[in-house]
Structures are given as structure tokens and as C-alpha cells.
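Asker: The following comprises the amino acid sequence and a computationally predicted model.
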Amino acid sequence: MSDASVRTTVELLTDPAAFLAAAEPVLAADPVVATVVASVTRRAVEAAERGEPWTGTGRPCWWALVREDGAVVSAAMRTAPLAPWPLFVLPMSEVAARALAGLLLEGGEEVRAANGALPATRVLCEVLAAGGGGEVRVHEQTRLFELRDLVAPRSPEGRLRAATSRDLDLLAGWFAAFHVDAAAQAGRTPEHDTVDVVDRAEVARRTEAGLLWVWEDAEGRVVHLTGHNAPAHGVLRIGPVYTPAPHRGHGYAAAAVAAVAARALDHGHRPCLFTDRANPVSNHVYTALGFEPVVDMANLLVEPDAGPTRGPTRGPTPGPAAGGDPTGATS
């Protein structure tokens, strides 16, 4: 809404539980688009209850509530665990995006990356670039998909099973390798990738919670990993989806994702996932399974100006508002 008579305000919170209490109705209203904010914030609440820092980096996290005439209508957050600690932005009006950027500039907070909804993320980054010097560049474009009707793929030899404690060392290594391989498949370097950094303790927690699945080939070797988040507002987000290079090309990713998605549908959940739009392999795999595109988004960088005259802002043509995380896939 851009009506000049509407009063738009932005409030920053550092308590994830307080944020959820205020933002829950908005997150539940469009749960597929809001899947990242809802699931990440719930994990932050759980970490706080265990007395653990959310990122482990010592950098403060915050969540933003956007209000119009006092009612919460949108949100953003800064919870990423690695530099450049990108923001994540849900769909919001241009007025709200400018207000959030202004609040950050006023507070002296350096922002060099933002991930999320278009055109809100672009507007926010352009204001930050204008206020701090620099230009906006697209690092990654991703697409959010949702599955309603599954098209069963050909099943390779072997079976899908829940990960167990005996898989921890292997899966911890795969989580560490995932974002490097995914970036390479898309022709990018991974230094600015926003990734779900998971240490061995978190792999153990996800395994115990039944959130990680592996494919065993006919010889009993573990050759593939498909994970998912705990459902939030009835939406189950799949990722990461990872097959190490020596095992690709056998259909393990398609079979595993199909099985996990089918299980979600059987439990009344809405399976969704994100792909890197520069990775034709994973996009083909998911569309063949029946996943349908919901919205596109972008991971934008605000880079320091290299010269006395800043060039034009570059990036994708603003499209439908979106939200997501670049978990991607390597198939």
C-alpha cells in the first residue's frame, strides 16, 4: 500500500519470541512466501531456550516489524550467520522499504547484502547504496516452488531412509561442501552465498528430529542427502538437496525429494523449495516432479563505489514479490 494517508513505521526487535508474537498473523497469512522468516525465527527461539547464540558469530541479530496505521503488515530480519550478514526481506511497500533503509542508515548499520522479495529488496538496497556510497549488483536469482500434485519419477536402485547417528560425520561434511558445490554448478564463487551453516551439533539435532533423509544405493552406500525444515504454518520447506559429484546422474535427488514431498503431502503439509535460477539441472528436476513456480527473488549486493562516478544500478526486472533462502540443490 502506498496511500500517503497511511502511516508506515518500522520497529527493530532483538527478541525472536517477541517478534513471532507480533508477526505470527502476517506469517500465517502467506505461509509459503514467509517460510524462511517463520522457520528461521522458530529455530532462533529454540536456540535461545537452550541458551545458545543464534549465529555463533557474536554479531547481534534483529527482526523488523513493518506497521501500517499500527497493524503489522510485513517483516524483515538480519539473522544470517556469515559475512556479509545479508538481510532477508518479505514483500512490503516501497514506502516501507525506504523506511527500513532509512532506519538502518540513521543507526549507522552497514548493510552489504539483502536477500528476498522483489521489488522491496531492490528498493531497500538502492536507498542504502545512495546513502552509503556504492552500487547494487545481483549475486543470485532464486525461485520458490510449491508442490500440489506429485508426478512420481523413475526410482533408482536403493532406498530412502531417515538419517541416523551413524551418518553424522558424513552428513556434517556434506553440509559444509554443499554451498561450494551449488555455487560452482551455477557458475558463481561462493563467498557471498547465503547458506544454512550447520555444525555437527545441529546435524545431530536435525537427525534426531527426523529432518534429514539419505538415499542408500544397491550396495548400501549413502549417496545422497535431502533435508527439510520443521513445518511452519503447514508449510514444509525442503533443503538442502545434495548429491556428491561422483554419484550424480542416477536420479537420486528426484527420487528422494519425491519421497519426502509425498510424505509431507500425506501429513497435510505444503512442500516447497528454492532453486537457483542459474542451475538448469535442479530446476528441471523439480518441474518434472510437478513443482510449480510461486515467486522469484534475488540476493543483491551493495558494493562500495569503485570510482568517483557511480554506474547504474544493475539487477533483474522487478517481478512478483517473493521470499526465500538460496538453499538450492546439487543433483
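Answerer: Yep, that arrived.
Asker: The residue lying closest to T79 once chain neighbours are set aside - how many residues pack around it?
Answerer: Leaving aside its chain neighbours, T79 sits nearest to C61 (4.6 Å; criterion: Cβ to Cβ, 6 or more residues apart in numbering). Heads up, the C-betas are built off the backbone N, CA and C, glycines and all. Using other Cβ atoms under 10 Å, C61 is surrounded by 21 other residues.
Asker: show me what contacts C61?
Answerer: 14, 16, 44, 54-55, 77-79 (Cβ atoms under 8 Å, 6 or more residues apart in numbering).
Asker: Mind giving me the PyMOL select for these, buried ones only?
Answerer: Only the buried entries of the contacts of C61 go into this PyMOL selection, using 16 or more other Cβ atoms under 10 Å:
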select buried, resi 16+44+54+55+77+78+79
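Asker: Among the contacts of C61, which are located in strands?
Answerer: Those of these mapping onto strands are 77-78, per DSSP state E.
Asker: Where is pLDDT lowest across the contacts of C61?
Answerer: Lowest pLDDT of the contacts of C61: T55, 66.
Asker: Run through the neighbouring helices and strands of the strand or helix carrying V257.
Answerer: Take DSSP states H and E as the rule and V257 turns out to sit in helix 252-266. Applying 3 or more Cβ pairs under 8 Å, 6 or more residues apart in numbering; DSSP states H and E, one finds that helix 252-266 makes contact with strand 159-162, strand 212-216, strand 222-228, strand 235-242, strand 270-276, helix 280-289.
Asker: quick check: mean pLDDT across the fourth one?
Answerer: Averaging pLDDT along strand 235-242 yields 96.
Asker: Next: the longest one.
Answerer: Regarding helix 280-289, the rounded mean pLDDT is 92.
Asker: circling back: out of the helices and strands packed on helix 252-266, which comes closest to L104?
Answerer: strand 270-276 (25.2 Å; Cβ to Cβ).
Asker: Could you list the alpha-carbon positions for that closest one in CSV?
Answerer: Provided in CSV are the C-alpha atoms of strand 270-276 (Å, rounded to 0.1, in the frame of the first residue of the first chain):
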residue,chain,number,x,y,z
ARG,A,270,2.5,-28.0,1.7
PRO,A,271,6.0,-28.9,0.4
CYS,A,272,8.1,-26.1,-1.1
LEU,A,273,11.7,-25.5,-2.1
PHE,A,274,14.0,-22.9,-3.6
THR,A,275,16.2,-23.3,-6.7
ASP,A,276,19.0,-21.2,-8.1
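Asker: Taking strand 235-242 as reference, get the angle to it.
Answerer: Between strand 270-276 and strand 235-242, the angle comes out at 40 degrees (axes from the mean of the first three to the mean of the last three Cα atoms, to 10 degrees).
Asker: now the angle from strand 270-276 to helix 252-266?
Answerer: Going by the same axes, to 10 degrees, strand 270-276 makes 150 degrees with helix 252-266.
Asker: With distance to V26 added, can I get the helices and strands packed on helix 252-266 in TSV?
Answerer: Formatted as TSV, the helices and strands packed on helix 252-266 follow (distance: least, Cβ to Cβ, whole Å):
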stretch	distance to V26
strand 159-162	33
strand 212-216	30
strand 222-228	23
strand 235-242	14
strand 270-276	17
helix 280-289	27
